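Student: let me see the structure of the following:
(one chain, ligands or ions: 2)
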Amino acid sequence: MDAAPAWFRAALLPLAGIAAVLAAPAQDPEDCPWCGNDPRRLAALGSVSHGPIAVGFEGSSKDIRSFFEPDPWTFLETAHVRWASSLGPQRLSARDRKRLEPVFEEIAAALPDFPRPGRIQRLDPWERLHLHAWRLERFYERFQRILGVTDADFPATRAAGGPYMGNGPYLGEAEKFEFLLFRRRSDYQAYTERFLGVRVTDSLRWHHRDPHKLVGVLVCEDSDLRDDRWLYPHLVHNMSHMMLAAYKHFSYDPPVWLDEGLAHAMEREADPESWTREGEEGTYRERGRSQDWSKTVPALVRRGRAPSFTTLLNRHTIGELRDEEHATCWSLVRFLLEEHPEGFARFLGGVKGQLDERGYPSGHDLLGLQRRLLREIWGWTPQDLEEAWKTWVLEGGHAQPSGS
Ligand SMILES: [Zn+2]
Ligand SMILES: [Zn+2]
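Tutor: Ligands and ions are numbered 1, 2, ... in the order given. The predicted structure is shown next:
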């Protein structure tokens, strides 16, 4: 078996001809305590519709219905994401409320009769979905700031004459991003086997080609992902991969060090203790809490044990990365985000938007492309980047507060 995670295998499978329909029994959206399916309240919550929404992959609604019983499904569409979820209710501890307080305050500012944040003891399935959707739209803004783009940069289709921005309004993809959240692994496996032809244990991401869109199919059964505390940063990790893949259209896989380092950086902004791992069987959250990489990495650098940037540049699958390499990819991305945000945006745009001499997207010689971009943007060789990064680490770069 090759070492490629499900994501890479999935990306290579022929998917043409699969259209998207998902019609399933849903609870009555008017039951939603936060919006009651009222368009103005939905809009205040940054949402478009509770659907049911066409999401996922084609199949007869009868087949899909059978996967979903006995769990009721809830649907939600926002500006950039479509959701379908079978998650149940969630009790909030005092600590959860404290952690979510800023988010609840933001929502309360948008929706004047929103219940006082301190009084929210429990989230029902609608509220859980609204909360994830709200937070992920804020994350979408964060990721766009990193890329140095806004929605206005992405025409509906590729325009002649302008800079190459992919082929669609969602960072260069034709359709919105999607998440399917499965409460039960057995349902998840039946669904992915039937509609994607793969049977894996953990969550996977899929590039759907007709229409073009990125889909995250997540299994939320294990104790660490049943809880929104851990599910949300896991969603962010997956969304980071999906957004980078989508940027200027998903035509080839981005470099592993960059893709994984950025996903770790985004996930840890959401929760510094969360660690999503990628394996041959898909993507899952590390059981137990992660080490504090802001201490791990300086120790590696001081002892001369940090992997070289050249080593990381030559990793071709996420499965090849050792633990200290994950931490180092994270640290390199943090350095570029903190110290060189404009250059980093150019670097990401250059890596994701390479065209061949006929004007078609091309993933040819990404190593050479990265070397050229380092030189053009910063006048660096890979060795120079490594030295600048090490200096920053040893001068306490990770001690600075990080975030949006
Ligand atoms: Zn609602
Ligand atoms: Zn990842």
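
Student: quick one: mean pLDDT for stretch 328-346?
Tutor: Here stretch 328-346 scores 98 as its mean pLDDT.

Student: and it, does that touch ligand 2?
Tutor: No: judged by Cβ under 5 Å from the ion, stretch 328-346 stays clear of ligand 2, getting no closer than 9.7 Å. Where C-beta positions appear, they are placed from N, C-alpha and C, glycine not excepted.

Student: and that stretch, how far out from the chain's middle?
Tutor: For stretch 328-346, the separation from the chain centroid amounts to 18 Å (computed by Cα atoms, centre = their mean, to the nearest Å).

Student: contacting residues around that stretch?
Tutor: 146-148, 256-258, 260-262, 264-265, 268, 293, 297, 300, 306-307, 309, 312, 321, 347, 373, 377-378, 385, 388-389, 392-393, 397-398, 400, 402 (Cβ atoms under 8 Å, 6 or more residues apart in numbering).

Student: of those, which belong to helices?
Tutor: Per DSSP state H, helices hold the following members of the contacts of stretch 328-346: 146-147, 256-258, 260-262, 264-265, 268, 293, 297, 300, 309, 312, 347, 373, 377-378, 385, 388-389, 392-393.

Student: which residues touch the closest residue to D356 other than its chain neighbours?
Tutor: Residue nearest to D356 in three dimensions, not counting chain neighbours: S362, with 4.0 Å by Cβ to Cβ, 6 or more residues apart in numbering. Contact partners of S362, counting by Cβ under 8 Å, 6+ apart, are S251, Y252, Q354, L355, D356.

Student: and the residue positioned nearest the centre of the chain, what pLDDT?
Tutor: A centroid search over the chain (Cα atoms, centre = their mean) returns M239, at 1.0 Å, as the residue closest to the centre. In this prediction, M239 carries a pLDDT score of 98.

Student: then D151?
Tutor: 98.

Student: contacts only, for the closest residue to it other than its chain neighbours.
Tutor: In this structure, D151 finds its nearest non-sequential neighbour in P169, 6.7 Å apart by Cβ to Cβ, 6+ apart. Counting by Cβ under 8 Å, 6+ apart, P169 touches D151, F154, P155, A156.

Student: what about the single nearest residue of the stretch 51-200 of the chain relative to ligand 2, distance to V149?
Tutor: In the stretch 51-200 of the chain, the residue that lies nearest ligand 2 is F143 (14.3 Å; Cβ to the ion). Using Cβ to Cβ, to the nearest Å, F143 is found at 9 Å from V149.

Student: now check stretch 249-268, is it near ligand 2?
Tutor: Yes: Stretch 249-268 comes into contact with ligand 2 (Cβ under 5 Å from the ion), by way of E260, A263.

Student: near ligand 1, which residues of this structure show up?
Tutor: C32, W34, C35, W126.

Student: closest to ligand 2 out of these?
Tutor: W126 (29.1 Å).

Student: which SSE is immediately downstream of the helix or strand harbouring the closest one?
Tutor: Assignment of secondary structure by DSSP states H and E places W126 within helix 125-147. Next along the chain after helix 125-147, taking DSSP H and E as the criterion, comes strand 177-182.

Student: touching that next one from outside, list them.
Tutor: 55-56, 80-87, 170, 188, 191, 213-221, 231, 235, 238-239, 242-243, 246.

Student: now restrict those residues to buried residues only.
Tutor: By neighbour count, with 16 or more other Cβ atoms under 10 Å, the contacts of strand 177-182 hold 55-56, 80-87, 170, 188, 191, 213-220, 231, 235, 238-239, 242-243, 246 as buried.

Student: the residues you listed in helices, which ones?
Tutor: Y188, Y191, L231, L235, N238, M239, M242, M243, A246.

Student: so among the residues you listed, where is pLDDT lowest?
Tutor: Within those, pLDDT is lowest for Y191, at 87.

Student: separation between that residue and C35?
Tutor: In this view, Y191 and C35 are 27 Å apart by Cβ to Cβ.

Student: with I53 instead?
Tutor: 15 Å.

Student: show me which residues of this protein are close to ligand 2?
Tutor: Counting by Cβ under 5 Å from the ion, the residues of the chain close to ligand 2 are E260, A263, E278.

Student: now, among those, which is nearest to L111?
Tutor: Closest approach to L111 among the residues of the chain next to ligand 2 (Cβ to Cβ): A263, at 31.2 Å.

Student: who are the contact partners of that closest one?
Tutor: A263 neighbours (Cβ under 8 Å, 6+ apart): H237, N238, S240, H241, L244, T276.

Student: correct me if wrong: the first one contacts M266.
Tutor: I take that to be H237. Yes: using Cβ atoms under 8 Å, H237 is in contact with M266, at 6.7 Å.

Student: which of the two has more neighbours?
Tutor: Of the pair H237 and M266, H237 is the one with more neighbours under other Cβ atoms under 10 Å, namely 28 against 25.

Student: distance check, that one against H264.
Tutor: 7 Å.

Student: between the two, what contacts are shared?
Tutor: By Cβ under 8 Å, 6+ apart, the residues touching both H237 and H264 are T276.

Student: check whichever residue of the stretch 151-300 of the chain sits closest to ligand 1 and give its pLDDT.
Tutor: Residue of the stretch 151-300 of the chain nearest ligand 1, by Cβ to the ion: L181 (15.7 Å). Per-residue confidence (pLDDT) for L181: 93.
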